[in-house]
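Participant: quick one: sequence plus predicted model below, questions after.
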Amino acid sequence: MIDSNQYVKIVSALPFLVGADSQLVREFQQATSLAHIPAGHDVFLEGDRVNAIALLLSGVVRVYKVSETGREITLYRFGLGESCILTANAILSDKSFPAIASVEQDAEAVMIPTEIFRNWVRHYDVWRDFVFDLLSQRLSSMMAIVDEVAFQRMDVRVASWLLKQAKVQNPMRITHQQIAGELGSSREVISRLLEDFVSAGLIRSGRGTIEILDFEGLEARSVV
């Protein structure tokens, strides 16, 4: 159950609740709970049955797939005010969770039981619109991943990924294996491409760190 002070904090993270009617507000406070989930914890593993969905108030969760050979690929991350569309889909279709969801940064979340989630989708427009908007946004981003994997060369993908990460931090603390996990490749392939970028003077690569030295040159390599 959510008390009034907690609800005020939740509304600031989930502004769609501002337009909710009094009945939904009462049910939200009565049926949900807060959970603190530490970094490194797997929320769901592939094949798990879903008994609740989390709306994040803080932290970051990574959702990814692992192939039979052990390769990983990141499908998406979600954070403040967001939720996991694969969890939503599993609830609505009554299927098991099809990937792995792991907490990357300590998270606080509103937990909504499965049956409550389904009932709100049926009865409350504001909740249904929120869920469908999340689905639409995430579907677009996942289609972009499919396009990259199917149609772009790996060197182009690596260059684009590095440029994106450098907007947050440069040098960046990242291993070759972690990049491989992000892009669905092998460490050997990523290492070979990074060595090529080093030889071209585009980046500097150290133990667990990568620094972009030539942004314009790497930008040119990010174009097909």
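Facilitator: That came through, no problem.

Participant: now do stretch 45-52, average pLDDT.
Facilitator: For stretch 45-52, the mean pLDDT works out to 96.

Participant: after the helix or strand containing Arg192, which helix or strand is next?
Facilitator: Assigned by DSSP states H and E, Arg192 belongs to helix 187-199. As assigned by DSSP H and E, the chain's next helix or strand after helix 187-199 is strand 203-206.

Participant: for burial, what's the neighbour tally of the closest residue to Tyr64 other than its chain neighbours?
Facilitator: Spatial nearest neighbour of Tyr64, excluding adjacent residues (CB to CB, 6 or more residues apart in numbering): Thr74 at 4.8 Å. Glycine gets a C-beta too; all of them are placed from N, C-alpha and C. When neighbours are counted by other CB atoms under 10 Å, Thr74 registers 16.

Participant: residue contacts, Thr74?
Facilitator: Residues in contact with Thr74 (CB atoms under 8 Å, 6 or more residues apart in numbering) are Arg62, Val63, Tyr64, Gly181, Glu182, Leu183, Gly184.

Participant: confirm that it sits in a strand.
Facilitator: Yes. The assignment for Thr74 by DSSP: H, G, I helix; E, B strand; the rest coil puts it in a strand.

Participant: how close does it sit to Asp3?
Facilitator: Applying CB to CB, to the nearest Å, the value for Thr74 to Asp3 is 36 Å.

Participant: just Phe28 next, same as before
Facilitator: On the measure of CB to CB, Phe28 and Asp3 end up 12 Å apart.

Participant: same check on Ser205?
Facilitator: 50 Å.

Participant: what about the two, which has more around it?
Facilitator: Neighbours per residue, other CB under 10 Å: of Ser205 and Asp3, the larger number sits with Ser205, 16 against 9.

Participant: can you pull the pLDDT of that one?
Facilitator: Reading off the model, Ser205 has pLDDT 92.

Participant: Provide a list of residues in contact with the residue nearest the centre of the chain.
Facilitator: In the chain, the centroid-proximal residue (CA atoms, centre = their mean) is Arg77; its distance is 1.0 Å. Contact partners of Arg77, counting by CB under 8 Å, 6+ apart, are Val60, Val61, Arg62, Val63, Glu104.

Participant: which one (most neighbours) among those residues?
Facilitator: Val61 (27 neighbours).

Participant: so what sits opposite it in the bridge?
Facilitator: Phe78, Val103 (DSSP bridges).

Participant: contacting residues around it?
Facilitator: Contacts of Val61 (CB under 8 Å, 6+ apart): Val43, Ala54, Arg77, Phe78, Gly79, Cys84, Ala101, Ser102, Val103, Glu104, Ala107.

Participant: do that again at 10 Å, thanks
Facilitator: 37, 39, 41-44, 54, 76-79, 82-84, 87, 101-105, 107, 109 (CB atoms under 10 Å, 6 or more residues apart in numbering).

Participant: put the buried members of those residues into a ChimeraX selection.
Facilitator: Buried residues within the contacts of Val61, by 16 or more other CB atoms under 10 Å, are selected in ChimeraX with:
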select :37,43,44,54,76,77,78,82,83,84,87,101,102,103,107,109
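
Participant: domain map for this protein?
Facilitator: 4-149, 152-221 (automatic domain parsing).
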